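**Student:** Okay, predicted coordinates and the sequence, questions at the end:
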Amino acid sequence: MALDIDFVRAQFPAFAQASLQDQAFFENAGGSYTCRQVIDRLTRFYTERKVQPYGVYEVSRIGGEEMDEARTRLAAIMGVVGDELSFGPSTTQNTYVLAQAFGQWLKAGDAIIVTNQDHEANSGPWRRLADRGVEVREWQVDPESGQLKQDALANLIDDKVKLLCFPHCSNVVGEINPVAEICAMAKAAGVYTCVDGVSYAPHGLPNVDELGADVYLFSAYKTYGPHQGIMVMRRGLGFTLPNQGHYFNEGSLEKRFTPAGPDHAQVAASAGMADYIDALSEHHGGSGDGAARGAFAHDLMRAHEVELLQPLLDYVRDKNSVRLLGPTDANAKAPTVAMHAQKSGGELAEALAPLGVMAGGGDFYGVRCLQGMGIDPDHGVLRVSFVHYTTKAEVDKLIDALEQVL
């Protein structure tokens with residue numbers, strides 16, 4: 001079934017704003033527009049529920065129930081139990097706290113594997129464990145393609161390795177890694193997995209149980225929600241690692257790795273993300289439980305994105321003056337397209353702005369990835385990124401604008 005783009009865009013107030021008319025938004029990898037369901041819930045919480053939640057009086061009780069609703073419904077969409085999903089101030093912060101827990105659990109001489117394809121948030125905190133005597137091994141991208149190859153990973157795994165950290169897809173290469181295969185390989189060797197899903201989740205929340213990841217991290221503000229980091233922590237690992245929260249919360253999985261108090265309003269508003277996924281699924285004929293509706297919405301989003309992405313990839317691939325990072329097949333790639341050209345990424349983004357195209361230039365916290373592909377991070381790349389609410393007309397406008405500036 002084709003995505004009803006008019007229905008989709010009607011769910012996002014940004015598209016009705018005068019200041020954004022005639023502007024094509026292609027920096028979604030840095031943060032998406034917020035759906036009205038989230039905005040409505042956030043407004044309601046601040047105007048009607050802005051008290052300490054989980055109390056005995058009515059408004060406090062309702063506020064706590066709305067926070068629990070967000071956790072329960074998002075967890076169901078992702079195929080996990082409610083308390084296996086927790087909120088934090090950002091994915092970077094969640095990863096840092098998680099790294100502290102692993103740092104206490106790992107022994108000197110144990111090894112972990114990180115990649116140079118990741119955003120620094122899923123790389124730097126883990127690499128710092130070397131200061132505690134943990135061996136850090138790097139799964140390196142192929143310098144030409146930017147791909148993480150599984151045979152190279154197999155050469156890194158032995159009985160010393162306890163943890164593998166890698167991205168669902170890179171925020172500059174854009175290739176969708178075979179997460180289920182990689183997690184199965186790690187599990188067979190007794191290795192835990194931490195998957196950075198920040199760059200993938202905007203294109204459809206995955207079923208984490210089917211992926212087999214022990215930890216899955218993503219950002220709500222890139223998945224049409226408020227500025228929160230969301231972490232799925234499977235129960236087996238969650239109660240193996242040391243508690244990072246208050247000592248009296250040790251028995252609560254949803255609180256063990258969030259030492260800071262939750263942002264009540266933003267957690268409650270995150271239920272609007274589930275509202276939107278349900279509305280998208282229902283409008284297009286989807287049904288079933290949360291996981292089924294989530295999978296249906298995921299497939300709708302991806303099919304639309306792939307259709308729009310392929311012409312853009314074909315255009316950039318055929319441009320002799322430009323190096324396209326990552327795959328040229330839209331089925332293997334998220335709609336995150338990074339280009340290396342003679343002009344710097346920042347210069348190209350600046351040139352696109354007067355043409356009504358909002359894009360970004362730089363290293364996008366993927367410094368190690370660019371260096372691994374022989375690109376100077378200071379020169380950077382132009383990155384254009386979109387999601388399912390993007391239209392064919394906007395992609396056409398982007399291609400016309402690129403033709404003028406490249």
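**Tutor:** On my side now, so go ahead.
**Student:** Kindly give the local confidence score, pLDDT, for residue 339.
**Tutor:** Per-residue pLDDT puts residue 339 at 98.
**Student:** secondary structure class for it?
**Tutor:** strand (DSSP: H, G, I helix; E, B strand; the rest coil).
**Student:** mind giving me the domain split of the protein?
**Tutor:** For the chain, the structural domains run 5-33+292-405, 42-274, going by automatic domain parsing.
**Student:** got the contact list for stretch 5-14?
**Tutor:** Residues outside stretch 5-14 that contact it (CB atoms under 8 Å, 6 or more residues apart in numbering): 15, 20, 25, 33-37, 39, 224, 276, 279-280, 283, 304, 388-389, 391. Every residue, glycine included, has its C-beta placed from N, CA and C.
**Student:** Go again with 10 Å.
**Tutor:** 4, 15-16, 20, 23, 25, 32-40, 224, 275-276, 279-280, 283-284, 300-301, 304, 387-393 (CB atoms under 10 Å, 6 or more residues apart in numbering).
**Student:** Of the residues you listed, which belong to helices?
**Tutor:** Counting by DSSP state H, the part of the contacts of stretch 5-14 found in helices is 36-40, 275-276, 279-280, 283, 300-301, 304, 392-393.
**Student:** all helices of the stretch 51-200 of the chain, in order?
**Tutor:** With helices called from DSSP state H, counting those that start in this stretch, the stretch 51-200 of the chain shows them at 58-77, 91-105, 124-127, 150-154, 179-188.
**Student:** could you give the mean pLDDT of the second one?
**Tutor:** Helix 91-105 comes out with an average pLDDT of 98.
**Student:** Who are the packing partners of it?
**Tutor:** In terms of contacts (3 or more CB pairs under 10 Å, 6 or more residues apart in numbering; DSSP states H and E), helix 91-105 is packed against strand 85-88, strand 111-115, helix 124-127, strand 161-167, strand 192-196, strand 215-219, strand 229-233, helix 235-238.
**Student:** what lines up beside the first one in the sheet?
**Tutor:** Strands that pair with strand 85-88, judged by DSSP bridges, come out as strand 229-233 (antiparallel).
**Student:** pull the CA atoms of the strand it pairs with into PDB?
**Tutor:** Provided in PDB are the C-alpha atoms of strand 229-233 (Å, rounded to 0.1, in the frame of the first residue of the first chain):
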ATOM      1  CA  GLY A 229      17.000   9.400  25.000                       C
ATOM      2  CA  ILE A 230      15.300   6.000  25.000                       C
ATOM      3  CA  MET A 231      17.100   2.800  25.900                       C
ATOM      4  CA  VAL A 232      15.900  -0.800  25.700                       C
ATOM      5  CA  MET A 233      17.800  -2.900  28.200                       C
END
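**Student:** what about it, average pLDDT?
**Tutor:** Here the average pLDDT along strand 229-233 is 98.
**Student:** what's the answer for stretch 301-319, then?
**Tutor:** Averaged over stretch 301-319, pLDDT sits at 98.
**Student:** what do you get for stretch 191-201?
**Tutor:** For stretch 191-201, mean pLDDT is 98.
**Student:** what does stretch 26-45 give?
**Tutor:** According to the model, stretch 26-45 has a mean pLDDT of 98.
**Student:** Going by neighbour count, list what's buried in it.
**Tutor:** Residues 26-29, 32-39, 41-42, 44-45 are the ones in stretch 26-45 that count as buried (16 or more other CB atoms under 10 Å).
**Student:** Same check on stretch 182-200?
**Tutor:** Buried residues in stretch 182-200, defined by neighbour count with 16+ other CB under 10 Å: 182-183, 185-186, 191-200.
**Student:** For the stretch 101-250 of the chain, give me the ranges with low pLDDT.
**Tutor:** In the predicted model of the stretch 101-250 of the chain, no residue satisfies pLDDT under 70.
**Student:** Could you do the stretch 251-400 of the chain as well?
**Tutor:** In the prediction, the stretch 251-400 of the chain carries no residues with pLDDT under 70.
**Student:** For it, which segments count as helices?
**Tutor:** Using DSSP H, counting those that start in this stretch, helices in the stretch 251-400 of the chain cover 264-269, 271-283, 290-317, 345-352, 367-372, 392-405.
**Student:** What score does residue 3 have for pLDDT?
**Tutor:** Residue 3 is assigned 98 on the pLDDT scale.
**Student:** Report how many residues lie close to it.
**Tutor:** By the criterion of other CB atoms under 10 Å, residue 3 has 20 neighbours.
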